[in-house]
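Chemist: Below: sequence and its predicted model.
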Amino acid sequence: MSTEGNTLSSQAQLLAEPLEHLINRGGVEVPMLPEVANKALLLAQNSDSDASEMA
């Protein structure tokens, strides 16, 4: 499990490794964000946006 400097407890490691394997092989379906949530996420990541664009 690649934790990039983060140390997991032994219990978390037992869960993380099989979960990472399942995700990497495409065994987990993640639902798409609703349109409004997706827009909010895009605006939050855009340094040129402001609060008025959320309206």
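Modeler: Now that the structure is in, tell me what you want to look at.

Chemist: Need the phi and psi values for Glu29.
Modeler: Main-chain dihedrals, Glu29, degrees, to the nearest 10: phi -90, psi 130.

Chemist: Could you pull up the contacting residues of Ser49?
Modeler: Applying C-beta atoms under 8 Å, 6 or more residues apart in numbering, we find Ser49 in contact with Leu43. Placement of C-beta: from N, CA and C, glycine included.

Chemist: Next, it: phi, psi?
Modeler: phi -90, psi 160.

Chemist: Could you tell me the model confidence score at it?
Modeler: Confidence per residue is given as pLDDT, and for Ser49 that number is 89.

Chemist: Repeat that for Leu14.
Modeler: The model reports Leu14 with a pLDDT of 91.

Chemist: Using PDB, list the CA coordinates for stretch 44-53.
Modeler: Coordinates of the C-alpha atoms in stretch 44-53 are reproduced here as PDB (Å, rounded to 0.1, in the frame of the first residue of the first chain):
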ATOM      1  CA  ALA A  44     -13.700  25.900  -5.800                       C
ATOM      2  CA  GLN A  45     -10.600  24.700  -7.700                       C
ATOM      3  CA  ASN A  46     -10.500  27.700 -10.000                       C
ATOM      4  CA  SER A  47      -8.500  30.600  -8.500                       C
ATOM      5  CA  ASP A  48     -10.200  33.000 -11.000                       C
ATOM      6  CA  SER A  49     -13.800  32.200  -9.800                       C
ATOM      7  CA  ASP A  50     -15.600  34.000  -7.000                       C
ATOM      8  CA  ALA A  51     -18.800  33.500  -4.900                       C
ATOM      9  CA  SER A  52     -21.000  35.300  -7.400                       C
ATOM     10  CA  GLU A  53     -20.500  32.400  -9.900                       C
END
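
Chemist: Could you pull out the buried residues of it?
Modeler: Of the residues in stretch 44-53, none is buried by neighbour count under the rule 16 or more other C-beta atoms under 10 Å.

Chemist: can you point me to the longest helix in this structure?
Modeler: Scanning the chain for the helix with the most residues, using DSSP state H, yields helix 10-24.
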